[in-house]
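> the following block contains a protein sequence and its predicted model.
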Amino acid sequence: MCFAHPWCAEEFAALLNGIGPIGEAALTPAGAFSGFVLSRRAADEAEILSLAVAPQHRRAGLGSALLSRHLASLAALGVTALFLEVEDGNKAAHALYRRFQFAVVGERKAYYRGPDGTRPSALVMRRSPLA
């Protein structure tokens, strides 16, 4: 419900069973997922693969809370640099990452597939140090 072209269950399973996955999840009082962040670590670097908040839980600080906790988890594991890719037009995500001192370090042209067939670019962002 959060992405135009979401990962399938098999892709998530492969990631979670692979090398270096680290994640945080937010649950409702009933135990349903309301958001998550998932990264993959390699040595002292990590990449956020996905951060999502269910539409009905947005604009309540959940993305900030997830990212804050995730940064602390990664720092505790010795991660010193964190990367991510974000769709160029995703203003809410840009604002979140800027608040957490991520800086744009590159661009991947036509990286994503839009729901209407467009090919938006991805901005590559980096934060270092984490602590």
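That came in fine, so what should we check first?

> mind listing what the closest residue to G20 other than its chain neighbours touches?
Nearest in space to G20, with sequence neighbours left out and distances taken as Cβ to Cβ, 6 or more residues apart in numbering, is R41 at 4.0 Å. The way it works is simple: take the backbone N, C-alpha and C, and place the C-beta from them, glycine included. Neighbouring residues of R41 by Cβ atoms under 8 Å, 6 or more residues apart in numbering: 20-22, 74, 77, 79.

> hmm, who's touching the longest helix anywhere in the chain?
The longest helix of the chain (DSSP state H) is helix 62-76. Helix 62-76 is touched from outside by 22-24, 26, 34-37, 39, 41, 46, 48, 51, 53, 82, 96, 99-100, 127, 130-131, with contacts defined as Cβ under 8 Å, 6+ apart.

> hmm, which two among the contacts of R41 are most spread apart?
P21 and V79 (13.0 Å; Cβ to Cβ).

> tell me where the model's unsure across the chain.
When residues are selected by pLDDT under 70, those of the chain lie in 1-6.

> which residue ranges form the helices in it?
Applying DSSP H to the chain gives helices spanning 9-16, 62-76, 91-99.

> buried stuff in the longest one?
When you say that, I think you mean helix 62-76. 63, 66-67, 70-71, 73-74 (16 or more other Cβ atoms under 10 Å).
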